[in-house]
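1. pasting the sequence and the predicted model now:
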Amino acid sequence: MQEIYVTGHRNPDLDSVSAAWCYARLKNIVDVEHTYLPIRIGHMNEATKHQFEQANADPPIFVKDVRAKVGDVVTRDYWALHPEDPVYSLVTMISDRHSSVVPLIDGETFHGLLSLDEITAFFLRENAEDRPRYRFYPANFSKVIRGEYILRNDIRWFDAYIMTGAMEFEVYCSRLEALLPDLPVLVVGNRRKHLQYGIDHQFPAIIITGLLPNEQIEADYSNYRGIIYKSYEDTAETIRLLRMSLPVRRLVSSTPPRVDVDDLFDDAKRMLMESEFRGLPVFDGERFVGFVTRRCFLERPRRKVVMVDHNELKQSIEGLEEADIVEIIDHHRLDAEKTSRPIFIASEPVGSTCTIIYHQFLRWRAPLDSMTARMLLAGIISDTVILKSPTTTRQDVIAVEALCSIAGIPDVKKFGEDLFKAAAVLGKADPKKVVEGDFKVYDEQGVRFGIGQVEVTTLAQVDEVKETYLKQLEETKHSHRLEWALLLVTDVIKEDSVLFSTSYPRKEKSLVYPMESPGKYILKDVLSRKKQLLPEIIRVLEEGW
Ligand SMILES: [Mn+2]
């Protein structure tokens with residue numbers, strides 16, 4: 001059963017990652033029929049990493065996209081053969097077990113995929129050419145032909161053709177001499193002269209048919225170094241089966257292209273359809289894990305996804321249009337895609353998605369352990385800037401009180417300051433990471449613009465880094481194909497912000513904030529990008545034209 005992904009938005013912040021982690025935990029308690037896997041679709045910022053370390057919790061794994069992959073349809077349960085196993089086993093497998101392809105595996109090593117096509121090719125080859133020489137593995141005789149070894153040696157394989165000893169001795173000898181120095185496998189009844197000839201000429205193997213239970217071989221084989229096998233079958237049947245004792249390895253004629261579990265469903269499907277093969281081997285890196293056949297591609301599987309802390313397709317995981325959204329838990333404006341089925345949506349205009357997830361724990365009366373409480377608390381404290389952001393609601397305050405007591409955190413202010421101290425320090429951090437670490441792209445009034453936000457505990461170094469950051473904003477503007485790029489640097493202790501902005505002559509003149517120097521604005525008492533800065537940007541865009 002495929003896991004249901006729980007994911008936050010791109011450029012995930014602490015609220016987003018924490019919400020995914022905590023909600024998956026809740027769902028795994030209350031919905032035992034499914035498995036929920038928290039994931040993230042971008043790098044975690046320093047504060048997020050720090051919180052997971054502090055809580056001693058494993059953060060969500062990184063997943064690039066939710067498009068159907070080969071790994072979602074690969075046949076992992078299969079019958080396999082060893083390359084030295086007899087063709088007989090392959091034929092039985094395909095006809096009795098209806099395997100369309102059978103992998104050849106020796107330990108961990110993959111040797112090929114066999115299907116009806118290879119069996120057909122084998123019989124075609126063998127009946128189209130001159131008298132065939134075969135590579136025999138004597139160990140296979142007893143796997144295919146009912147009987148017993150009378151004499152064995154330790155030769156693993158040898159090449160030979162098949163001959164019977166049904167002719168008059170003189171004819172038999174002249175026929176053999178014509179073939180020398182090639183020596184055959186002799187299939188013969190208990191005929192002393194024929195046998196003795198084969199023994200004296202050191203034929204690689206002699207298969208005796210029609211020997212009665214207590215009958216002795218009428219030849220002296222004391223100096224013979226080959227194999228004597230006693231078949232319980234008649235000569236015709238023994239010959240038929242002898243050819244079926246050949247190792248399947250000999251049937252591998254061409255190598256199908258490999259696919260990886262991470263390859264896209266559509267790519268692998270096309271590759272198979274355009275190839276001559278019935279199946280393609282599937283690898284996980286270097287490890288063979290199974291195969292895909294045409295049947296695997298009849299229907300494209302759809303991954304189920306829970307969206308937390310966002311609800312818009314463009315902020316979400318790649319390929320979501322090929323997946324099924326099953327739930328949305330969010331505190332942003334609704335701009336969700338149309339769904340084909342009813343889904344659960346919890347949308348509350350509170351300060352943090354983690355507050356809504358706390359409400360879901362209450363709703364389900366699910367046990368809330370201290371580790372989860374701590375992660376929820378971290379999400380709320382981060383998104384509401386220690387409950388000081390104007391986005392903070394009474395619900396957030398109530399949740400924080402409850403969570404503090406479960407998590408055993410006596411001083412939430414101290415918890416919050418530690419949380420933000422782990423965040424980026426402007427002078428030291430990589431400007432690209434700071435600008436794009438928590439960067440949201442908007443499209444309003446026909447203008448594409450982006451606003452990054454970074455929380456700091458002091459604005460002291462802002463002027464030192466100003467030029468570097470303005471340069472980075474220009475680069476981000478170009479690489480994201482934007483018309484305007486901004487960075488809100490928020491001092492979470494003093495509750496003020498500084499805004500860096502790329503040039504945007506027609507509009508930025510009318511921002512209400514005082515411009516201290518070109519590209520730098522002072523935003524007193526501004527903490528929230530969503531609730532304070534964004535409405536001002538939108539107003540400017542509306543009025544600026
Ligand atoms: Mn949030």
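-> Perfect, thanks for sending it. Residues are numbered from 1 along each chain as shown.
2. check which helix or strand residue 327 maps to.
-> strand 324-330 (DSSP states H and E).
3. other residues contacting that strand?
-> 4, 19, 23, 302-311, 336-337, 339-341, 343-347, 353, 356-357, 360 (Cβ atoms under 8 Å, 6 or more residues apart in numbering). For every residue, glycine as well, the C-beta is placed using N, CA and C.
4. mind listing what's buried in the longest strand along the chain?
-> Counting residues, the longest strand found in the chain (DSSP state E) is strand 447-456. Going by neighbour count (16 or more other Cβ atoms under 10 Å), the buried part of strand 447-456 is 447, 449, 450, 451, 452, 453, 454, 455, 456.
5. returning to what we had before: just the contacts of strand 324-330 that are near the ion?
-> 309, 353 (Cβ under 5 Å from the ion).
6. buried subset of the contacts of strand 324-330?
-> Buried, going by 16+ other Cβ under 10 Å: 4, 19, 23, 303-311, 336, 346-347, 353, 356-357, 360, out of the contacts of strand 324-330.
7. now, those that are in strands?
-> Per DSSP E, those map to strands at 4, 304, 305, 306, 307, 308, 346, 347.
8. who does the fourth one bridge with?
-> When you say that, I think you mean residue 306. residue 6, residue 327 (DSSP bridges).
9. which residues touch the longest strand of the chain?
-> 47, 382, 385, 420, 423-426, 434-442, 476-477, 480-492, 529, 533-534, 537, 541.
10. that strand: partners in the sheet, and parallel or antiparallel?
-> strand 439-444 (antiparallel), strand 484-491 (parallel).
11. list phi and psi for residue 427.
-> Torsion angles at residue 427 (phi, psi; degrees, to the nearest 10) stand at phi -60, psi -30.
12. so it touches residue 461, yeah?
-> Yes: between residue 427 and residue 461 there is a contact under Cβ atoms under 8 Å: 4.6 Å.
13. any idea how far residue 371 is from residue 57?
-> Going from residue 371 to residue 57 by Cβ to Cβ, to the nearest Å gives 6 Å.
14. wait, residue 109
-> From residue 109 to residue 57 the distance is 39 Å (Cβ to Cβ).
15. ok, the two, which is more surrounded?
-> Shown here are residue 109 and residue 57; by other Cβ atoms under 10 Å, residue 57 has more neighbours (17 against 9).
16. and the helices in the stretch 301-450 of the chain?
-> 353-364, 370-383, 394-407, 412-421, 431-437 (DSSP state H, counting those that start in this stretch).
17. just say which of those helices is most tucked in.
-> helix 370-383 (a mean of 27; mean count of other Cβ atoms under 10 Å).
18. same for that helix, what does it pack against?
-> With contacts taken as 3 or more Cβ pairs under 8 Å, 6 or more residues apart in numbering; DSSP states H and E, helix 370-383 sits against helix 14-30, helix 46-55, helix 353-364, helix 394-407, helix 412-421.
19. near the ion too, which of the buried residues of strand 447-456?
-> Near the ion, by the rule Cβ under 5 Å from the ion, you find none of those.
20. can you redo the residues you listed as CSV with distance to residue 83 and pLDDT?
-> Output for the buried residues of strand 447-456, formatted as CSV (distance: Cβ to Cβ, whole Å; pLDDT from 0 to 100):
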residue, distance to residue 83, pLDDT
447, 64, 88
449, 62, 93
450, 57, 95
451, 61, 95
452, 58, 95
453, 60, 93
454, 59, 90
455, 61, 86
456, 63, 85
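21. the ion contacts on the stretch 251-400 of the chain?
-> 309, 353, 383.
22. closest one to residue 282 out of those, please.
-> Proximity of these to residue 282, judged by Cβ to Cβ, is greatest for residue 309, which lies at 34.6 Å.
23. so what's that closest one up against?
-> Neighbours of residue 309 in contact, by Cβ under 8 Å, 6+ apart: 8, 9, 13, 15, 16, 19, 20, 329, 330, 331, 332, 353.
24. does the last one touch residue 15 like I think?
-> Same thing as residue 353. Yes: using Cβ under 8 Å, residue 353 is in contact with residue 15, at 5.5 Å.
25. anything in contact with each of those two?
-> Common neighbours of residue 353 and residue 15 (Cβ under 8 Å, 6+ apart) are 8, 309, 379, 383.
26. residues near the residue in the stretch 101-250 of the chain positioned nearest to the ion, how many?
-> Closest contact between the stretch 101-250 of the chain and the ion, by Cβ to the ion, is at residue 108 (45.7 Å). Neighbours of residue 108 under the rule other Cβ under 10 Å: 8.
27. my guess is it contacts residue 283. True?
-> No: using Cβ under 8 Å, residue 108 is not in contact with residue 283; the gap is 11.3 Å.
28. next SSE after the helix or strand bottoming out on mean pLDDT in the chain?
-> For the chain, scoring each helix and strand by mean pLDDT, DSSP states H and E identifies helix 505-508 as the least confident one, at a mean of 58. Moving toward the C-terminus from helix 505-508, the next helix or strand (DSSP H and E) is strand 515-517.
29. mean confidence for that next one?
-> Mean per-residue pLDDT for strand 515-517: 89.
30. what's the distance between the closest residue to residue 75 other than its chain neighbours and the ion?
-> Closest residue to residue 75 apart from its sequence neighbours, by Cβ to Cβ, 6 or more residues apart in numbering: residue 290 at 4.8 Å. Distance from residue 290 to the ion, counting by Cβ to the ion, to the nearest Å: 40 Å.
31. which residues does residue 290 form beta bridges with?
-> residue 282.
32. in this structure residue 71 contacts residue 262, no?
-> Yes: Residue 71 lies in contact with residue 262 (Cβ under 8 Å); the separation is 6.6 Å.
33. and residue 275, how many neighbours?
-> 13.
34. what pLDDT does the model give it?
-> pLDDT, residue 275: 91.
35. and if you look at the one 3 residues further on?
-> In the predicted model, residue 278 carries a pLDDT score of 91.
36. contact partners for the closest residue in space to it that isn't next to it in sequence?
-> Leaving aside its sequence neighbours, residue 278 sits nearest to residue 115 (Cβ to Cβ, 6+ apart; 4.3 Å). By Cβ under 8 Å, 6+ apart, residue 115 lies in contact with 94, 100, 101, 102, 277, 278, 279.
37. show the buried residues in those.
-> Applying 16+ other Cβ under 10 Å to the contacts of residue 115 flags 94, 101, 102, 277, 278, 279 as buried.
38. how close does the fourth one get to residue 113?
-> Between residue 277 and residue 113 the distance, using Cβ to Cβ, works out to 7 Å.
39. residues shared between the contacts of these two?
-> What both residue 277 and residue 113 touch, as defined by Cβ under 8 Å, 6+ apart, is the set residue 256.
40. residue 320 and residue 63 touch, don't they?
-> No: contact criterion Cβ under 8 Å: residue 320 and residue 63 do not qualify, at 11.5 Å.
41. between the two, who's got more neighbours?
-> residue 320 (23 against 16).
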